[in-house]
Every structure is written in C-alpha cells, then in structure tokens.
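Peer 1: no sequence for this one, just the structure:
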Ligand code: SAM
C-alpha cells in the first residue's frame, strides 16, 4: 500500500488504494482465513462491504444493520441475485438480509454469528449508546469474532483537510492508548481476547501509529447459549429492509433443473458421437458418401468428453447406446457414469426421479431417448 507525502515542509498523506478499500480488503482476508458462515456488518451504510463479502463462498448468511433506512436503500439492489445466479445456481446457499435498527438494541436475529464487523462505527455513537453497544455486541450477540475499526486521532495532523475530527458526525476520535484501554476492558469484561493492528502506515519518522486502528476480538469460550437467549428475547426490534435468498443447488427445484440440463447435454453429446461414428463406418464401407455434414453439430466442449470411455466400447452391453430408426437410446446407467451427473445426483434413484416427466425416456424408464430428427432444434427437452 502506497503512502504519498504531499508537501515537504508539512507532510500530509493520502493512501493508495484509499483507506476504506484497504479496510474492506482486510475483512475479506480475515474471512478467507477463518471461513465464517454467518457474518454481520454493523453500521453497514451503503452495503459496500457486504457486496464484496457476498462473493466469499464460505458465507451462507450475510446481514447488514444500520440505523439509517435511507442509506441502506441507496445501493441495496446490488445485493440481489443476478440472472447468472439463476442460470448456474451455486452449491452453497446464501441469504442476505438488511435490517434497520440500532446497535444499542437487542434483537434475536443477531444471535449465532461467526463474525461481526464494525467498520468506522463506534466513533459515531454517543457515550450512552457506546456503553449499550458493548453489552449488545459482546454480551448479547456474542459472536466468535468481532472486528472494530476506528480513526486514530494521533494520525490526524498528517491528513489534509482534517481539523478537529475526520467527519462532522464523529462524537469522538481516540488515540492509540484510549482505544486499546477501551478494547482491553471490554474484552476482559465479556471474555474475549483482543489483538491490535491497523491500516495506513505513517511516513518514515512519524511515530503516530496507523491511520485506522483495528481491534480483532476473539471469544475465549465456545458458548451455546443462543437457544436460551432467543427464548428470552423473542421480540424483533429491527425492521427488515431487504432480503434475498440466492438460488442454490441445496434447494431441490434448482438441483433438479441442473440435473435435467446436464442429462440432456450429456445425452446429446453421446448421441452425436454415436452418429458420427456410424457415419464414418458407413463411409469406410461405402466409399463415397453423399452426406458430408454431421446431423449433429458437435459443440465446443465436445472434446472434454473424449476423456471418458468411448461410448462404443462393447465391454458392457447395458451401457451401450443404440440407434432405432430416428431415435438414439442412451441407457441411464451410461449417463450416470459421467462424473458431473453423478456428482449432482449422488445416486441412481435420484437421477431417475429428477428426470422422469422432464425428459423423453424409454417405456421402462431405463434410457434417455434422443430424436435425431429434432435434436438439432433442441426439441427433446420438454
Ligand atoms: N461501515 C461503513 C463503511 O465502512 O463504509 C460506513 C460506516 S459510516 C462511517 C457509520 C454508519 O453507522 C452510518 O451509516 C450510520 O448510519 C451508522 N450508525 C450510526 N449510529 C448507529 C447505530 N446506533 N446503530 C446502527 N448504525 C448506526
């Protein structure tokens, strides 16, 4: 990370990338390292951090809380699933919820989190709210890990344009020892450890500490008190402003869709290979053949199927596809032998169940039927 001196005589610094991006990156790195499933960002404002975190595959529940509904609504649509998420649902489940509410209030929806982030939040809280914040976040929510960042006032003289505080809404800005004393007291009271770090290094010779100071708190004991707490605090005081449940293969309707697509695709590749093989055999025997083009156009990813045993291997009769008139019949057992199909379905019964009624099958349901007349127009899939 670069730090740039602006003037020789009175050095003022700027950061590249900007410090707010460095803070988000810091959280992303912690998420990559600790792989939390449930993450909440308190004082999430316009949800930029949440948006970055939605791409972290370990996270299944992502929650944002802010006292301002307006600021939440500014960019919340960026957290909605995109068309691509429906076309190719992910293996993981992901739910994103935004709440309007205050960190001074207890709501059972905030129980059971692995990680809670409070980025540049505490300096916006009045003293009485900050006191409640400690009890609510550390005592009640009590997640496995809490990350708190706040400005380090010792750095302010090096920042251009800063006079008293860095932002007019700040109620205080602490120096290093003020923040560390508060953090250590809080950690001791609520049974956490705390380690300090920061972002934005000062220029050489300026012993003022990081521009942003950060405390990483880790809960000492593994508590399982969520059940009793949610019994005691049943009233929801936060208001849901946004909720998105992402399509996931964990949901049967999406899994079934993915299986049907994969089976149709696999069957078409097998049929295409069989017909091409027949045609070349025919050419060998008949010399000049009138037909010059395959009726099935091999697709780009055709090559990837070459790594699987040839469909024409005669070692297992039940696995062999065959042509009957205009129809290619491909045993389900053959289709199930393809790794992607097997991985999606898990077992043969699930494969049968998912495709019955969705794909043309033989009368006993043991083979997928591809109509060579209509195959190129994709009419087999109904
Ligand atoms: N965390 C965001 C980030 O890093 O980009 C922005 C933090 S912004 C400086 C502080 C946010 O805290 C504001 O969006 C404000 O509405 C919110 N806030 C202030 N008091 C709050 C409270 N009591 N409970 C929840 N959010 C609060």
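Peer 2: Here it is on my side, so go on. All figures in this text were calculated on a predicted structure; none of them were measured in a lab. Numbers count the residues shown, from 1 in each chain.
Peer 1: residues contacting the residue of the stretch 151-300 of the chain found nearest the ligand?
Peer 2: Residue of the stretch 151-300 of the chain nearest the ligand, by CB to the nearest ligand atom: residue 167 (6.7 Å). Every residue, glycine included, has its C-beta placed from N, CA and C. Residues near residue 167 by CB atoms under 8 Å, 6 or more residues apart in numbering: residue 123.
Peer 1: tell me the secondary structure for it?
Peer 2: coil (DSSP: H, G, I helix; E, B strand; the rest coil).
Peer 1: i'd like the first residue to be 676 from this point on
Peer 2: Taking 676 as the first residue, the last one we looked at is residue 842.
Peer 1: Quick check, pLDDT for it.
Peer 2: Note on residue 842: pLDDT of 92.
Peer 1: Which phi and psi values does it adopt?
Peer 2: phi -140, psi 140 (degrees, to the nearest 10).
Peer 1: for residue 926, same thing?
Peer 2: Dihedral angles (degrees, to the nearest 10) for residue 926: phi -90, psi 130.
Peer 1: Was I right to think it contacts residue 768?
Peer 2: Yes - between residue 926 and residue 768 a contact is recorded at 7.5 Å, counting by CB atoms under 8 Å.
Peer 1: Can you report how many residues neighbour residue 748?
Peer 2: The number of residues packed near residue 748 is 16, by other CB atoms under 10 Å.
Peer 1: low-scoring stretches of this structure, by residue?
Peer 2: Applying pLDDT under 70 to the chain flags residues 676-686, 898-903, 905-906, 962-992, 1049-1057.
Peer 1: Find the closest residue to the ligand in it.
Peer 2: Closest point on the chain to the ligand, by CB to the nearest ligand atom, is residue 718, at 3.0 Å.
Peer 1: Residue 804 is in contact with that residue, correct?
Peer 2: No - checked against CB under 8 Å, the pair residue 718 and residue 804 is beyond contact range at 11.4 Å.
Peer 1: quick one: common contacting residues for those two?
Peer 2: With CB under 8 Å, 6+ apart as the test, residue 718 and residue 804 both reach residue 778.
Peer 1: So for these two, which residue has more residues nearby?
Peer 2: A count of neighbours by other CB under 10 Å puts residue 718 above the other of residue 718 and residue 804, at 22 against 17.
Peer 1: Report the contact partners of the more buried one.
Peer 2: 740, 741, 742, 778, 793, 794, 795, 796, 799.
Peer 1: CSV for those residues, including distance to the ligand?
Peer 2: Formatted as CSV, the contacts of residue 718 follow (distance: CB to the nearest ligand atom, whole Å):
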residue, distance to the ligand
740, 6
741, 5
742, 4
778, 4
793, 8
794, 4
795, 4
796, 5
799, 4
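Peer 1: Please identify which of those is nearest to residue 863.
Peer 2: Closest approach to residue 863 among these (CB to CB): residue 793, at 18.5 Å.
Peer 1: who's in contact with that closest one?
Peer 2: Taking CB under 8 Å, 6+ apart, we find residue 793 in contact with 716, 717, 718, 778, 812, 821, 822, 823, 824.
Peer 1: cool, residue 854 as well?
Peer 2: Going by CB under 8 Å, 6+ apart, residue 854 touches 825, 827, 871, 888, 890.
Peer 1: can you rerun that using 6 Å?
Peer 2: residue 888 (CB atoms under 6 Å, 6 or more residues apart in numbering).
Peer 1: Quick check: the nearest residue to residue 835 once chain neighbours are set aside vs residue 857, distance?
Peer 2: Excluding its sequence neighbours, the residue lying closest to residue 835 (CB to CB, 6 or more residues apart in numbering) is residue 687, at 4.3 Å. In this structure, residue 687 and residue 857 are 28 Å apart, going by CB to CB, to the nearest Å.
Peer 1: Same question for residue 691.
Peer 2: Remark: distance between residue 691 and residue 857 (CB to CB) = 30 Å.
Peer 1: repeat for residue 793
Peer 2: Distance, residue 793 to residue 857, by CB to CB: 13 Å.
Peer 1: show me where the stretch 726-875 of the chain has strands.
Peer 2: Secondary structure of the stretch 726-875 of the chain (DSSP state E, counting those that start in this stretch): strands located at 736-741, 770-775, 790-794, 820-826, 867-874.
Peer 1: Redo the ones you listed as JSON lines? Include distance to residue 996.
Peer 2: Shown next, in JSON lines, are the strands of the stretch 726-875 of the chain (distance: least, CB to CB, whole Å):
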{"stretch": "strand 736-741", "distance to residue 996": "45"}
{"stretch": "strand 770-775", "distance to residue 996": "42"}
{"stretch": "strand 790-794", "distance to residue 996": "51"}
{"stretch": "strand 820-826", "distance to residue 996": "54"}
{"stretch": "strand 867-874", "distance to residue 996": "60"}
